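*Asks:* return a 3D structure for these sequence lines:
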Amino acid sequence: MKYKILINGTCGEAKYFTVTPAAKEFWQEKIDELDYELLNDYIWGDADLDDIPEEAQFMGEDPDYFVPSVERSVVDWDNLCIWAQPVDGEMQQYSIAKNQIEWIDDYDFEEDEEYLVISEYMKGTIFGAEIELPDGESFDKDKLKFFSCLDPNKESIFSGMSYDEIELENTELDLIGKGRNAYIIEK
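*Replies:* Numbering: from 1, shown residues only. Here you go, the predicted model:
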C-alpha cells in the first residue's frame, strides 16, 4: 500500500558564509541598522559591486560557502507535525520522538571561523514523500528516522528522512516565506 508522509511546521533556509574581520565590520554595521537590501542583492548576485568595499566582498570568484537547500532547513523539532496517509484512507497525525532523530556530522563548520548567516523563515510543508509498503504491512511511525546536525550557532539543521532504513526523497515541498534575518556567528 502507498503512503504519503508529510512534515509540516516552521523552518528557515539558512546560508552560511565565512567572513574576514573587514567583511564582518562592514556587514555588521548594515545588520545593526536593519539594512538588508544590499546584503540580499549581494548574495543573489544583483548588487552593484561598486557599493561594496573590496575587502567586504566575501564571496569572491570561488566562494567559500555552502548553501543548505530547503531540505536542510533549520527546524524546531518540538513544533513539527508528521502526517501519514494511505492513498485511499484518512490522514493520521504523529509526533516525533527524540530517539527518532539521528544526529549526524553533515557540514564541516570550522570552530575558529566566523560566519555570516542569512536566514529566511518559512512555514508549511517542509518535507513530503511517498512510500510503498508490501501488501498487508501497515505504516509504523517508529520506522521513521530524521537526520539532523547542528550549525555553529547550535541550531538544528534538518538533513533528510528515511523509513525502515530507506532514504526518502522530498517531493512535496510547499513553503510560505515569513521574513528574513541576518547575523554573524562569532568565534
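*Asks:* and the helix or strand hosting residue 119, what other elements does it pack with?
*Replies:* Per DSSP states H and E: residue 119 is located in strand 115-132. If contacts are counted by 3 or more CB pairs under 8 Å, 6 or more residues apart in numbering; DSSP states H and E, strand 115-132 sits against strand 2-18, helix 21-32, helix 37-43, strand 156-163, strand 174-185. No exception for glycine: its C-beta is placed from N, CA and C like everyone else's.
*Asks:* next helix or strand past it?
*Replies:* Next along from strand 115-132, by DSSP H and E: strand 144-150.
*Asks:* the closest residue to residue 16 other than its chain neighbours: neighbour count?
*Replies:* Closest residue to residue 16 apart from its sequence neighbours, by CB to CB, 6 or more residues apart in numbering: residue 115 at 4.8 Å. Using other CB atoms under 10 Å, the number of residues around residue 115 comes to 22.
*Asks:* residue 115 reaches residue 19, doesn't it?
*Replies:* Yes. Residue 115 is within contact range of residue 19, at 7.0 Å (criterion: CB atoms under 8 Å).
*Asks:* shared neighbours of these two, anything?
*Replies:* Jointly contacting residue 115 and residue 19 under the rule CB atoms under 8 Å, 6 or more residues apart in numbering are residue 184.
*Asks:* using the three-state scheme, assign residue 90.
*Replies:* Classification of residue 90 using DSSP: H, G, I helix; E, B strand; the rest coil returns coil.
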